[in-house]
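Chemist: One predicted model, sequence on top.
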Protein chains: 2
Amino acid sequence: MSQIRKPPTMADIARVTGVSPMTVSRAFKTDSLISKETREAILQAAEELGYVFDSTASNLRSQKTDFVAVTIPSLNNANFADTVGGLSETLAARNMQILLGYTNYDMAEEERLIEQLLRRKPQAIVVTGGKHTPRGRKLLENAHIPVIETWDAPAEPIGHFVGFSNAGVVREMVDHFVRAGYTRIAFIGGDAGRDTRGSDRRHGFLEAMKAHGLDTSRLIAAGPPPISMREGANAMARLIADYPDTEAVICVSDLSAYGALTECQRRGISVPEQIAIGGFGAYEIGSICVPTLTTIDAQAREIGRRTGALLIDILNGREDVGDVLIKPELIVRESTR
Amino acid sequence: MSQIRKPPTMADIARVTGVSPMTVSRAFKTDSLISKETREAILQAAEELGYVFDSTASNLRSQKTDFVAVTIPSLNNANFADTVGGLSETLAARNMQILLGYTNYDMAEEERLIEQLLRRKPQAIVVTGGKHTPRGRKLLENAHIPVIETWDAPAEPIGHFVGFSNAGVVREMVDHFVRAGYTRIAFIGGDAGRDTRGSDRRHGFLEAMKAHGLDTSRLIAAGPPPISMREGANAMARLIADYPDTEAVICVSDLSAYGALTECQRRGISVPEQIAIGGFGAYEIGSICVPTLTTIDAQAREIGRRTGALLIDILNGREDVGDVLIKPELIVRESTR
DNA sequence: TTGAAAGCGCTAACAT
DNA sequence: ATGTTAGCGCTTTCAA
């Protein structure tokens, strides 16, 4: 004879327990003043009634959702997944829930997403990247909540920033290659314009090569970001065809770098003897493939953790919080000599 | 002279525009009856005031959040990320927002998560796996919202199901190996008990081997799930040490299979000539490494898409919705003869 | 096509 | 330690 009935509310528990709804409310907060017996009676009644706390009502009344909105280019990228993981870990301690959205590496989509996420009244918003549509930027500025831009150093920060310079980091790798004696160095990346981090890395490559007085024409555009292993392999094939005397290649990510490596393996080109390969991101693949890949560890998880810690400080009202500059680390492995 | 002021509400827009709050509310719904001029005036006023629609209030009043709660074992797994991606894609068309939680392959954590997510009053909940703590199960049963279990065929479904039999699928691979002439076949998986999908696959392996009258002792436990590439490599090293005459090995995932492959490469063991390797999950790595990996495509993204479609049907009030049985596909590649 | 009244379920603010 | 009152911002419901 089960019948559809409305889920129990605090008022129902109050009635059963013989207290006021306010007391029931207090029983569910850890810090409030309430006698032990009253709380226990209330919690037991709640369990018996199958009560489920209603956050939507609580959120509205207290003007506090404990949501943190986060936009990332794509879930299917171990680096961004790690950042979200680190952030999630840190925020879980404060019982905050992440509201995740995927921009698909598209600023217009990001704008749409920001607008949608802000309607949920998050306590803070974390975006990947420092470039936005004008309207997206305005939405962030007018949101009146902490804004954190991650990964890319923004030209004009909106709020706080946790990340590093993508250009600078590739410059470091070029320097390493040059020190190792390579001069005919190529770059495999995505098509210009879409992925800002990828573009920044390409710019870093160009600047560094110019600084060393080296030829900057060996640029292979592997398609719209994100660049897959397969696209890295295809790009390597084109590189070999177009610039057969290339000595070293820097890839926009470890995934494309690994793809490039497999292309060499299929063609019997030895790495690093005939061509050296560098990647980006310190994906697990690069630490275990044969040969292992020289890469840059951008410390994706750390970016997430530090973002979470910064957020907690801000929400705790700390005033002296600044930006966090992450220091990526060059990891030299077997794919370069 | 900027001062902190409360964000504008519909009442503010109503005042400015000279209409009632109800009319403002109507202006934001696409389907409601309202004159074109009134709506335009309202939307313009809203833009000027920098109004942001408040979902929390809307949710409370209409008892409808447009949230779908989703639990997955880990974000950092391309298969689950694909499932969430497919689901997200499908639900975006209905403007539903996913509330994601990570169980870390732990049923107790799943229970905690389910409870937390239900407080947000989602319209539906999607869980990965068909095994839960007794209390977790009860929470799902009493939630009075559609429940979809994915990936594992549950022994006793709570609501709906979208997935396949993990055991059955590994059985298929064993059959394939046996047909190809292999008899001394090993299995590399995670420690028993934690990851239900991994355990199911191991069971499938054992059953199939027994059915063929073959030795089932070649089981390597590679550690607590999820099994990394590195752990796959270590497991392969142990397999070679403990059972040097092994002809073929089935790994619980492509990642561990790839790790195993690299271990063979480092030792100069040729694949598939000296040992054949099979994986699971159709990760990109298996389609591009040298040699490419025989695997099973579980159609992770399709699981997400079908889950989303099922959900939309249910929320649209369709009564004739059933379960969705996904048909994983064996992909034979170079790592087996 | 528009408006008025009421209330979703909780909690801030104040009182006892 | 507990209760009362009011109201968060929207939308359901009914009326015009």
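Modeler: Everything's here; your move. Numbers count the residues shown, from 1 in each chain, chains lettered A, B, ... in the order given.
Chemist: check contacts around residue A:251.
Modeler: Residues near residue A:251 by C-beta atoms under 8 Å, 6 or more residues apart in numbering or on different chains: A:187, A:188, A:189, A:227, A:232, A:235, A:257, A:260, A:277, A:278, A:279, A:280. C-betas here are computed from N, CA, C, even on glycine.
Chemist: which ones are touching the fourth one?
Modeler: The neighbourhood of residue A:227, defined by C-beta under 8 Å, 6+ apart, consists of A:188, A:189, A:190, A:198, A:235, A:251, A:252, A:253, A:255, A:256.
Chemist: try it again with 10 Å
Modeler: A:188-191, A:195, A:198, A:221, A:234-235, A:251-253, A:255-257, A:259 (C-beta atoms under 10 Å, 6 or more residues apart in numbering or on different chains).
Chemist: now swap in the third one and tell me
Modeler: Residues near residue A:189 by C-beta under 10 Å, 6+ apart: A:170, A:195, A:198-199, A:201-202, A:205, A:219-223, A:225, A:227, A:232, A:235, A:250-253, A:256, A:280.
Chemist: From those, list the buried ones, please.
Modeler: A:170, A:195, A:198-199, A:201-202, A:205, A:219-222, A:225, A:227, A:232, A:235, A:250-253, A:256, A:280 (16 or more other C-beta atoms under 10 Å in any protein chain shown).
Chemist: The stretch 1-150 of chain A against DNA strand C: which residues are in contact?
Modeler: A:6-7, A:9-11, A:21-22, A:24-25, A:28-29, A:53-54, A:57-58, A:60-62 (C-beta under 7 Å from any atom of the strand).
Chemist: Which of the residues you listed fall in helices?
Modeler: Judged by DSSP state H, the subset of these located in helices is A:10, A:11, A:21, A:22, A:24, A:25, A:57, A:58, A:60, A:61, A:62.
Chemist: Would you mind measuring from the second one to chain B?
Modeler: Separation of residue A:11 from chain B (C-beta to the nearest C-beta, to the nearest Å) stands at 15 Å.
Chemist: now residue A:166
Modeler: Taken as C-beta to the nearest C-beta, the span from residue A:166 to chain B is 22 Å.
Chemist: same thing with residue A:312?
Modeler: Residue A:312 is 18 Å from chain B, by C-beta to the nearest C-beta.
Chemist: repeat for residue A:187
Modeler: Applying C-beta to the nearest C-beta, the value for residue A:187 to chain B is 21 Å.
Chemist: Over to that residue. Which of the three states is it?
Modeler: strand (DSSP: H, G, I helix; E, B strand; the rest coil).
Chemist: Contact partners for it?
Modeler: By C-beta under 10 Å, 6+ apart, the contact set of residue A:187 is A:170, A:174, A:201-202, A:204-206, A:209, A:216, A:218-221, A:235, A:239, A:249-252, A:278.
Chemist: That one: what's its closest spatial neighbour, skipping adjacent residues?
Modeler: residue A:205 (4.5 Å; C-beta to C-beta, 6 or more residues apart in numbering or on different chains).
Chemist: doesn't residue A:175 make contact with that neighbour?
Modeler: No: counting by C-beta atoms under 10 Å, residue A:205 sits too far from residue A:175 to count as a contact (11.2 Å).
Chemist: can you give me the strands for chain A?
Modeler: Using DSSP state E, the strands of chain A run over A:67-72, A:97-102, A:124-128, A:147-152, A:160-164, A:185-189, A:219-221, A:248-251, A:276-278, A:295-297, A:324-325, A:329-331.
Chemist: what lines up beside the last one in the sheet?
Modeler: Think strand A:329-331. strand A:295-297 (antiparallel) (DSSP bridges).
Chemist: ok, now the third one?
Modeler: Taking DSSP bridges as the criterion, strand A:124-128 sits next to strand A:67-72 (parallel), strand A:147-152 (parallel) in its sheet.
Chemist: could you redo these as a markdown table and give each row mean pLDDT, mean neighbour count and distance to residue A:268?
Modeler: Putting the strands paired with strand A:124-128 into a markdown table (pLDDT from 0 to 100; neighbours: other C-beta atoms under 10 Å in any protein chain shown; distance: least, C-beta to C-beta, whole Å) gives the following:
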| stretch | mean pLDDT | mean neighbour count | distance to residue A:268 |
| --- | --- | --- | --- |
| strand A:67-72 | 98 | 25 | 39 |
| strand A:147-152 | 96 | 25 | 37 |
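Chemist: For chain A, give me the ranges with low pLDDT.
Modeler: A:1-5 (pLDDT under 70).
Chemist: Let me see the domain layout of it.
Modeler: The record's domain split for chain A, according to automatic domain parsing, is A:10-54, A:66-164+A:300-327, A:166-297.
Chemist: Distance to residue B:34 for those - can I get that in CSV?
Modeler: CSV is the format used below for the domains of chain A (distance: least, C-beta to C-beta, whole Å):
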stretch, distance to residue B:34
domain A:10-54, 31
domain A:66-164+A:300-327, 20
domain A:166-297, 39
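Chemist: returning to what we had before: figure out which of the strands of chain A is closest to residue B:115.
Modeler: Closest approach to residue B:115 among the strands of chain A (C-beta to C-beta): strand A:97-102, 12.6 Å.
Chemist: Each with direction, which strands does the closest one pair with?
Modeler: Partners of strand A:97-102 in its sheet, by DSSP bridges: strand A:67-72 (parallel).
Chemist: got the angle for the partner strand vs helix B:55-62?
Modeler: Calculated by axes from the mean of the first three to the mean of the last three C-alpha atoms, to 10 degrees, strand A:67-72 forms an angle of 120 degrees with helix B:55-62.
Chemist: Am I right that residue A:131 is in contact with residue A:166?
Modeler: No: here residue A:131 lies out of contact with residue A:166, judged by C-beta under 10 Å, at a distance of 11.7 Å.
Chemist: Now do stretch A:166-184: distance to the chain's middle.
Modeler: Here stretch A:166-184 is found 25 Å from its chain centre; the criterion is C-alpha atoms, centre = their mean, to the nearest Å.
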